[in-house]
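Participant: what follows is a predicted structure for the sequence shown.
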Amino acid sequence: MEIFRATKLGQVPRSHLSALFLLKFVSDTRYDIETTERDEKWLPAWRHLQVPEGYRWDYLVSNAGNPRLASLLDNALRDILESNPRTLEEINQNIQFHNLVSQEGVSVEVLSRAVQIVSQADLRPSSFEEPEELGDLFERLLFFAEHRGMSGEFLVPPELGSLMAASLGPRAGDTILDPLCGSGGLLSRLARHVGPKVGQVLGQAQNSADLSLCKISLFFRGVLHSEIELADPLKQPLRDTNGRILEADVVVSNPPFNLRLGSKVLQELRPELFLPGVTSRSPSESLFLSHMIQAARPGKGRIGMIVSNGALSRANGKEIRRYIVNRNLLSGVISLPAKLFQITPVPVSILILDKGKKSSDVVFIDASLSFTASGRQNVIPETEILRISNAFLSRDSEPGFSSRADLSLIHDQDYRLTVSLYVERNKQRETTQNAAELTQQISGLERELESVQGELDADLRKLGFMA
């Protein structure tokens, strides 16, 4: 699809680009309804979708270039959201095309081009062999937007969400929570893992654009009712009807790494979120993990949290590590490759906790070499996701890859959780992997150079310097 290559769309925030994607999908769904019937394999959110009478995407396309295009888009989006108040609530107030043009300086020409490009996508539900393909397509759209530098929180690579889902095993009817959900990448992947019988999906977003993105992303995963709030989880944690911190079966998050909170923020934190040894002066990863532990349902709640590798051994995070080890909550630590995120090359790890844990050991997995190079970033292939999750679930030891450690050994290591302390690196595997990575990086650079040279040649031909 050209939408993943068009450079002129860099001025359109991904929240607004996502709204165009939604508008096109609703129109294509109407076409399917009018020409066939709602298929049984359609996801719940699609089967219950109400299309406003008279709404047509073709009408919006015919007004590309019209100075009133932004207002027409706002009207169409408002009509769709008002027709589906429970499924798509809270989006319209956060996405305004008129403000995009009048206040943020995006030209009608650029907005029109975005509409024309989105028009090329066939988003009819009947055009997808499997329902999850639409959610995957939307996910790629968001990563395209991040790659082009569009505004919003940075995204969690989808393979990390898939790895968390495979390891945590969310089941039909489970309540899933991400207290710092951003644009909903982790929630979307867990919902994809469960399928149509996914239970309640909860989240808290830090800004209105991400809230809208999260709602739209979950809609394309077939989540009929998601409850995403605009709030800071450390100041206003989700609560049940009795005022207690709301509990979930699966809690996931990708909090900021080693962030020191300002004095004003510290005064507003909820002290009931702090576990023993955790204070308002603790690093952000300790604060969020403390909250997530309390939000996980007693006796069965599972937690997956992405952390910087420094959080596994840093002195100022020792107390929370001591807490999760001594109370036998820690189930596994997975060390991941470098360069998975677009905004930082540093490697990260996943902590997996389980309040229903039966064993008295911890699985350490060195997946730092489980990747393939893709341009300037690394990607964890599906085969490696399966291998890593199988190693965690089976709790088997494999030299150079995984190992089980009892709690006394972790105590002897002064509660440091760095994977290399428990899994000896396989030198032959590392050498082979590094050579493969270098070869792929060279191939990627050659393709980029060829592409740039092609664009340069085209420009020179336009200027008459080349035949």
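Facilitator: Good, I have the coordinates.

Participant: phi, psi for the residue most central in space within the chain please.
Facilitator: Here the mean C-alpha position of the chain is nearest to the C-alpha of residue 185 (CA atoms, centre = their mean), at a distance of 1.8 Å. For residue 185, the backbone dihedrals are phi -60, psi -50 (criterion: degrees, to the nearest 10).

Participant: from residue 171, how far out is it?
Facilitator: Shown here: residue 185 relative to residue 171, a distance of 21 Å by CB to CB, to the nearest Å. C-beta here means a position set from N, CA and C on the backbone, and glycine is covered the same way.

Participant: OK, contacts around the residue nearest to residue 46 when sequence neighbours are not counted?
Facilitator: If you skip the residues right next to it in sequence, residue 46 has residue 125 as its closest partner in space, 5.6 Å away by CB to CB, 6 or more residues apart in numbering. Residue 125 is in contact with 28-29, 32, 39, 42, 46, 131, 134, counting by CB atoms under 8 Å, 6 or more residues apart in numbering.

Participant: which pLDDT does the model give the nearest residue to residue 282 once chain neighbours are set aside?
Facilitator: If the residues on either side of it in the chain are set aside, residue 282 comes closest to residue 316, at 6.6 Å by CB to CB, 6+ apart. Residue-level confidence at residue 316 comes out at 89, pLDDT.

Participant: ok, how many other residues are close to residue 316?
Facilitator: Residue 316: 15 surrounding residues under other CB atoms under 10 Å.

Participant: distance of it from residue 351?
Facilitator: As defined by CB to CB, residue 316 lies at a distance of 16 Å from residue 351.

Participant: so residue 303 makes contact with residue 356?
Facilitator: No: the criterion here is CB atoms under 8 Å, and residue 303 misses it with residue 356 at 11.3 Å.

Participant: which of the two has more neighbours?
Facilitator: Set side by side, residue 303 and residue 356 show unequal neighbour counts under other CB under 10 Å, the larger going to residue 303 at 26 against 13.

Participant: sec struct for the closest residue to the more buried one other than its chain neighbours, please.
Facilitator: The shortest distance from residue 303 to any residue other than its chain neighbours is 4.0 Å, reached at residue 353 (CB to CB, 6+ apart). Here residue 353 takes the strand state, with states given by DSSP: H, G, I helix; E, B strand; the rest coil.

Participant: same thing with residue 182?
Facilitator: Once three-state DSSP is applied, residue 182 turns out coil.

Participant: what's the pLDDT at it?
Facilitator: Model confidence at residue 182 (pLDDT) stands at 90.

Participant: any idea how many residues pack against it?
Facilitator: Other residues within reach of residue 182, judged by other CB under 10 Å, total 24.

Participant: confirm residue 305 sits in a strand?
Facilitator: Yes: the assignment for residue 305 is a strand, going by three-state DSSP.

Participant: pLDDT weak spots in the stretch 1-150 of the chain?
Facilitator: Applying pLDDT under 70 to the predicted model, the residue ranges of the stretch 1-150 of the chain that meet it are 1-10, 90, 92-93, 145-150.

Participant: how about the helices in it?
Facilitator: Counting by DSSP state H, counting those that start in this stretch, the stretch 1-150 of the chain has helices at residues 14-35, 44-47, 57-62, 69-83, 97-102, 108-118, 132-147.

Participant: what about the shortest one, distance to the chain center?
Facilitator: By that I understand helix 44-47. In terms of CA atoms, centre = their mean, to the nearest Å, the gap separating the centre of helix 44-47 from the centre of its chain is 22 Å.

Participant: would you put the C-alpha positions of that helix in CSV?
Facilitator: Provided in CSV are the C-alpha atoms of helix 44-47 (Å, rounded to 0.1, in the frame of the first residue of the first chain):
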residue,chain,number,x,y,z
PRO,A,44,-18.1,-8.6,17.5
ALA,A,45,-17.3,-4.9,17.1
TRP,A,46,-17.9,-5.2,13.4
ARG,A,47,-21.1,-7.2,13.6
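
Participant: on that earlier part again, need the three-state assignment for the residue nearest to the residue nearest to the centre of the chain when sequence neighbours are not counted.
Facilitator: The spatial neighbour of residue 185 that comes closest, neighbours along the chain excluded (CB to CB, 6+ apart), is residue 156 at 4.2 Å. Remark: residue 156 carries the secondary structure label coil [criterion: three-state DSSP].

Participant: who are the contact partners of residue 156?
Facilitator: 182, 185-186, 254, 306, 341.
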